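Q: below is the structure, and that's it, no one-letter string:
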Ligand code: NAP
């Protein structure tokens, strides 16, 4: 069988980088997209993959990215994240704009651009990394939870719209994962970011990447619709067990 191609957005860090490793390990040719090429290039080289610049908030960038991807069997919509933790009464519209552009419209743009190639592959698979924030709400989280709810709705709509087509759709729904997520959420405040993971045992990016690679390597007739993966120490977005 010829080598299948997996495209991973936001592959320069965290879950995306770990997924690129896991999918390359499972035999895929990996195409890595993100804005920080200085990070993408060495990883792509190590995995014998391809690094391409991608800003999912910029329609032209998505078009040039997709033009350079001749084949696509698996698309991992992973680029995203959170900005801020303000209550609604203090909502920062720039933060909301960033979260909706990246998580929601970014997923829409990349998926729409690669859909023809996914369908033409005869066995396409869209894996979208949403979050437990896409299925619940918490104080201060409305910008992020609303964006993740919308991203999840977009993904699940595709599952219905493409029923009967050679396209699988898997929503991966992680709880707390220790990445640069919190550092970015809190504008580079390392102390505040570290506190999120203190005295508990969060998931690693590799824990989530293994789930993604598992979903991508099932036989073509098997669709894992939704996989929720949380640390044992986490009940939901608001309740985490801490050792002290
Ligand atoms: P991360 O370490 O901050 O990585 C985020 C990735 O997204 C980076 O590779 C970044 O690359 C990319 N990205 C951000 N803006 C982008 C843009 N405009 N265009 C292209 N790429 C962009 O965070 P992570 O935890 O791995 O997050 C990955 C996904 O998992 C996100 O969708 C996040 O919402 C979701 N998630 C995370 C957690 C968690 O607890 N960490 C839990 C549930 C879900 P560049 O900056 O180089 O562009």
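A: Received, thanks. In this text, all values refer to a predicted model and were calculated from it rather than measured experimentally.
Q: run through the bridge partners of residue 170.
A: Beta-bridge partners of residue 170, counted by DSSP bridges, are residue 127.
Q: what's the spacing between it and the ligand?
A: Separation of residue 170 from the ligand (C-beta to the nearest ligand atom, to the nearest Å) stands at 14 Å. Where C-beta positions appear, they are placed from N, C-alpha and C, glycine not excepted.
Q: please apply the same query to residue 152.
A: From residue 152 to the ligand the distance is 11 Å (C-beta to the nearest ligand atom).
Q: tally of neighbours for that residue?
A: 22 (other C-beta atoms under 10 Å).
Q: pLDDT of stretch 6-20, averaged?
A: Model confidence over stretch 6-20, given as mean pLDDT, is 99.
Q: let me fix that, I meant to ask about stretch 71-79.
A: When pLDDT is averaged along stretch 71-79, the result is 98.
Q: what about that stretch, near the ligand?
A: Yes. Interface with the ligand: stretch 71-79 contributes 78, 79 (C-beta under 6 Å from any ligand atom).
Q: check the offset of that stretch from the chain's centre.
A: 10 Å (C-alpha atoms, centre = their mean, to the nearest Å).
Q: for residue 234, give its distance to the ligand.
A: With C-beta to the nearest ligand atom as the criterion, residue 234 and the ligand are 10 Å apart.
Q: same question for residue 69.
A: 14 Å.
Q: what is the neighbour count of that residue?
A: 18.
Q: and it, helix, strand or coil?
A: Three-state assignment for residue 69 (DSSP: H, G, I helix; E, B strand; the rest coil): coil.
Q: not counting its neighbours along the chain, what's nearest residue 24?
A: Excluding the flanking residues, the one nearest residue 24 by C-beta to C-beta, 6 or more residues apart in numbering is residue 47, at 4.0 Å.
Q: for residue 6, give me its contacts.
A: 20, 23, 28, 29, 30, 31, 72, 73, 74, 75, 76, 216 (C-beta atoms under 8 Å, 6 or more residues apart in numbering).
Q: which positions within the helix or strand where the second one lies qualify as buried?
A: In this assignment (DSSP states H and E), residue 23 forms part of helix 14-25. If you call a residue buried by 16 or more other C-beta atoms under 10 Å, then helix 14-25 has these buried ones: 14, 15, 16, 17, 18, 19, 20, 21, 22, 23, 24.
Q: which members of those are the farthest-apart pair?
A: Greatest spatial distance in the buried residues of helix 14-25: 14 and 24, 16.3 Å, computed using C-beta to C-beta.
Q: what is the nearest of the buried residues of helix 14-25 to the ligand?
A: The shortest gap between the ligand and any of those belongs to residue 14, at 2.2 Å (C-beta to the nearest ligand atom).
Q: pretty sure that closest one contacts residue 183?
A: No. Counting by C-beta atoms under 8 Å, residue 14 sits too far from residue 183 to count as a contact (10.3 Å).
Q: now the buried residues of helix 14-25 as CSV including distance to residue 174?
A: As requested, these are exported to CSV (distance: C-beta to C-beta, whole Å):
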residue, distance to residue 174
14, 10
15, 7
16, 12
17, 15
18, 11
19, 11
20, 16
21, 17
22, 14
23, 17
24, 21
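Q: the ligand next: which of these are close?
A: Among the buried residues of helix 14-25, the ones lying near the ligand by C-beta under 6 Å from any ligand atom are 14, 15, 16.
Q: residues in contact with the last one?
A: This points to residue 16. Residue 16 sits next to 8, 9, 10, 32, 34, 76, 78, 79 when contact means C-beta under 8 Å, 6+ apart.
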